[in-house]
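# Okay, here's the prediction I keep looking at, along with the sequence it came from:
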Amino acid sequence: MIQKLTTLLFILCLTLSVQAQKKPGFSKEEFRAKQEAYLTQKAELTAEERYTKRLEQEKPVLEALLVWANALKSKTAPKSALGKVIQYLLVQWPYLERYLEDGRLEQTNNRAERSIKPFVMGRKNWLFSNTPGGAKSSAVIYSLVETARESGLDPYRYLLWIFKTAPALAVQDKAWAEKLVPAAAPIYCYVPGRKENAI
């Protein structure tokens, strides 16, 4: 859904930029501000800094977009392509602006989509997991690998640490799995230079 909304927003922004050249209301400057705001997401900022920048730069642009969409809704045929985009935008608006509430939230789910792409590409290989238990084991290992990558860990070192540590922990402690989360991994499991950037 977020991917679809992002695409539709991009179409709306292009429409806005074309209309901004023809008549006042939503200016080129506001369109450029939205583009710059998107690039802010890529910058290395803390969650608090990102939150502050979003409120300063992105919230006014989103508010202008909402005003523009509401004004254009009455002038656009509901069954037209633009009418459908505007209707979709207005229905999804509460979800769209949610990322303004917290700097830790991302604008899109592109990172999650990229992380599952290898698994989706290898989907046919998973057909050969002969049992539900085998399929579940594959899913667990895959989840551990992707969680390690997202946390700045070297997946190989992290899995070695888990496989060495888990059996002893399972005997001693009922909450053994909680002690194997990426945040508890020793420093040698991290990719060099990634410990400070880890989630």
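Done, it's in. Residues are numbered from 1 along each chain as shown.
# mind showing which ranges of the chain have poor pLDDT?
Across the chain, the ranges flagged by pLDDT under 70 are 1-28, 30-43, 124-128, 193-199.
# Show me where it has its helices.
In the chain, the segments counted as helices under DSSP state H are 2-22, 28-42, 47-53, 59-73, 81-96, 110-121, 123-126, 132-150, 155-172.
# wait, which of those helices is closest to residue 189?
Smallest distance to residue 189 across the helices of the chain (Cβ to Cβ): 4.5 Å, for helix 155-172. Where C-beta positions appear, they are placed from N, C-alpha and C, glycine not excepted.
# can you tell which of the helices of the chain is closest to residue 182?
Comparison of the helices of the chain against residue 182 by Cβ to Cβ identifies helix 132-150 as nearest, at 6.0 Å.
# Tell me the buried residues in the closest one?
138, 142, 144-149 (16 or more other Cβ atoms under 10 Å).
# mind checking how far it is from the chain centre?
Taking Cα atoms, centre = their mean, to the nearest Å, the mean C-alpha location of helix 132-150 is offset from the chain mean by 20 Å.
# Distance to residue 76 for the buried residues of helix 132-150 - can I get that in JSON lines?
Below are these laid out as JSON lines (distance: Cβ to Cβ, whole Å):
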{"residue": "138", "distance to residue 76": "48"}
{"residue": "142", "distance to residue 76": "45"}
{"residue": "144", "distance to residue 76": "49"}
{"residue": "145", "distance to residue 76": "47"}
{"residue": "146", "distance to residue 76": "42"}
{"residue": "147", "distance to residue 76": "44"}
{"residue": "148", "distance to residue 76": "48"}
{"residue": "149", "distance to residue 76": "44"}
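# and which of those is nearest residue 57?
Nearest member of these to residue 57, counting by Cβ to Cβ, is residue 149, at 30.0 Å.
# centroid residue for this protein?
Closest to where the C-alpha atoms of the chain average out (Cα atoms, centre = their mean) is residue 109, at 2.8 Å.
# next one: phi and psi at it?
With angles defined as degrees, to the nearest 10, residue 109 sits at phi -100, psi 20.
# Please tell me how far it sits from residue 83.
Per Cβ to Cβ, to the nearest Å, residue 109 is found 26 Å from residue 83.
# swap in residue 75?
With distances taken as Cβ to Cβ, residue 75 is found 10 Å from residue 83.
# higher neighbour count, these two?
Each of residue 75 and residue 83 has its neighbours counted (other Cβ atoms under 10 Å); residue 83 has more, 15 against 9.
# Which residues are in contact with the more buried one?
Residues near residue 83 by Cβ atoms under 8 Å, 6 or more residues apart in numbering: 73, 76-77.
# okay, these in JSON lines with neighbour count and distance to residue 117 next?
Formatted as JSON lines, the contacts of residue 83 follow (neighbours: other Cβ atoms under 10 Å; distance: Cβ to Cβ, whole Å):
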{"residue": "73", "neighbour count": "15", "distance to residue 117": "36"}
{"residue": "76", "neighbour count": "17", "distance to residue 117": "36"}
{"residue": "77", "neighbour count": "9", "distance to residue 117": "38"}
